[in-house]
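In: Fold the following.
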Amino acid sequence: DPGEYDVVLLPYAVAELLDFLAYMGFSALAVQEGRSFMCGRFGEQITGDNITIWDDGLDPRGLPRPFDPEGVPKQRVDLIVRGRANAVVYDSYTAHREGKESTGHATGGPGYFGPYPTNMFMEPGDSSVEEMIASTKKGIFVTRFHYVNVIHPISTTITGMTRDGTFLIENGRIIKPVRNLRFTDNVLERLSNVEMISKETKCEGIAVVPAIKVKGFRFTGVTEF
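Out: From the prediction side, this is the model:
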C-alpha cells in the first residue's frame, strides 16, 4: 500500500535524485533568478551532516571533462559540505553578473539553461547494501527511478516512479517483488534522513554515488504492473 517506508536506494536511484537537485538549484542562474533551493541558504544546514556533494570534472572515477564548451577549465566545486549549502556552479555569463570567475560549467549553445554540474560525486560511507537490508524491519528496496518530474524546485519536491525491480524488505530480508510505486517527496528532506551510506560507489551518468538507506520515503500510489 502507499505510505511512508524506509528505503534502500541503489546508486541508479541516488544518481537520479542528484541529477534533479542539479536541475533545481546547483546553477548560479537558478540562484540569480530566485528559483533555487540554495537561495538565501548558503551556510545553512539543508541536509543531514553525513551528506557531502561536489562536482569535479577532472576526477577519473567519473566521466572526466577538463573544459566546458566555452573553453574554460573545470574547477572542483563543493556544493553541499557536511549538509551545509556551500556553492553553485558558474559559466562566464552568470559569473560576470556577480563579478566572479566561471567555474567551467557552461552548457554550450545559446546558454538558456545556464551552468550545470555534470561530474557530481557523493561522499561514500562505511556500510554495504547487505547491511542496509539486514537493518530494515519493513521497507522497500528500489533499483531505479524513472519518469521523474519537478513539482516545486525551491522545496525540492519531485514525483516519479520506481522501475527495474522493486522489492519488499521484512525483518532484514528481501521477501518478494512488489508492483511499481509512485513517489512524491522532498529531496532535501530525504537527504536529511539518510541512515546508512555504502562504501561502494557507481558512476551513473553525471554522478558517482553510493547506495543509501533513507527513512520515511513517501510513496503516494501503486501501479497496475
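In: Only alpha carbons, please: show the longest helix anywhere in the chain as CSV.
Out: For the chain, the helix that runs over the most residues, judged by DSSP state H, is helix 11-25. Provided in CSV are the C-alpha atoms of helix 11-25 (Å, rounded to 0.1, in the frame of the first residue of the first chain):
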residue,chain,number,x,y,z
PRO,A,11,23.1,4.1,-7.0
TYR,A,12,20.9,4.3,-10.1
ALA,A,13,18.1,5.8,-8.0
VAL,A,14,20.5,8.0,-5.9
ALA,A,15,22.0,9.5,-9.1
GLU,A,16,18.5,10.4,-10.3
LEU,A,17,18.0,12.4,-7.1
LEU,A,18,21.3,14.2,-7.6
ASP,A,19,20.5,15.0,-11.2
PHE,A,20,17.3,16.6,-10.2
LEU,A,21,19.0,18.6,-7.4
ALA,A,22,21.4,19.9,-10.0
TYR,A,23,18.4,20.8,-12.3
MET,A,24,16.5,22.5,-9.4
GLY,A,25,19.3,24.6,-7.9
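In: Give the rounded mean pLDDT of that helix.
Out: For helix 11-25, mean pLDDT rounds to 97.
In: in the protein, what spans have low per-residue confidence?
Out: Per-residue confidence for the chain (pLDDT under 70) gives no ranges below the cut-off.
In: Pull up the gap between the residue sitting furthest away from the middle of the chain and residue 157, please.
Out: When each C-alpha in the chain is compared with the mean C-alpha position (Cα atoms, centre = their mean), residue 99 comes out farthest, at 28.9 Å. Taking Cβ to Cβ, to the nearest Å as the measure, residue 99 falls 33 Å from residue 157. Backbone N, C-alpha and C define where each C-beta goes, glycine included.
In: again, but for residue 89
Out: Distance, residue 89 to residue 157, by Cβ to Cβ: 22 Å.
In: Can you report how many residues neighbour the nearest residue to residue 137 once chain neighbours are set aside?
Out: The spatial neighbour of residue 137 that comes closest, neighbours along the chain excluded (Cβ to Cβ, 6 or more residues apart in numbering), is residue 171 at 6.2 Å. Applying other Cβ atoms under 10 Å, we find 9 other residues in the vicinity of residue 171.
In: Against residue 208, how distant is residue 171?
Out: In this structure, residue 171 lies at 32 Å from residue 208, with Cβ to Cβ as the measure.
In: same deal with residue 158?
Out: 21 Å.
In: mind listing the helices for the protein?
Out: So, for the chain - with DSSP H - the helices run 11-25, 28-32, 92-98, 129-134, 187-191.
In: Output those helices in a markdown table, with distance to residue 77 appended to each entry.
Out: Written out in a markdown table, the entries for the helices of the chain read as follows (distance: least, Cβ to Cβ, whole Å):
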| stretch | distance to residue 77 |
| --- | --- |
| helix 11-25 | 11 |
| helix 28-32 | 10 |
| helix 92-98 | 12 |
| helix 129-134 | 29 |
| helix 187-191 | 18 |
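In: among the ones you listed, which is nearest residue 214?
Out: Across the helices of the chain, residue 214 has its closest neighbour in helix 187-191 (5.2 Å, Cβ to Cβ).
In: and that closest one, C-alpha only, in CSV?
Out: Extracted as CSV, the C-alpha positions of helix 187-191 are listed here (Å, rounded to 0.1, in the frame of the first residue of the first chain):
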residue,chain,number,x,y,z
VAL,A,187,14.7,15.5,-1.9
LEU,A,188,16.5,17.7,0.7
GLU,A,189,14.2,16.3,3.5
ARG,A,190,15.0,12.7,2.5
LEU,A,191,18.7,13.6,2.4
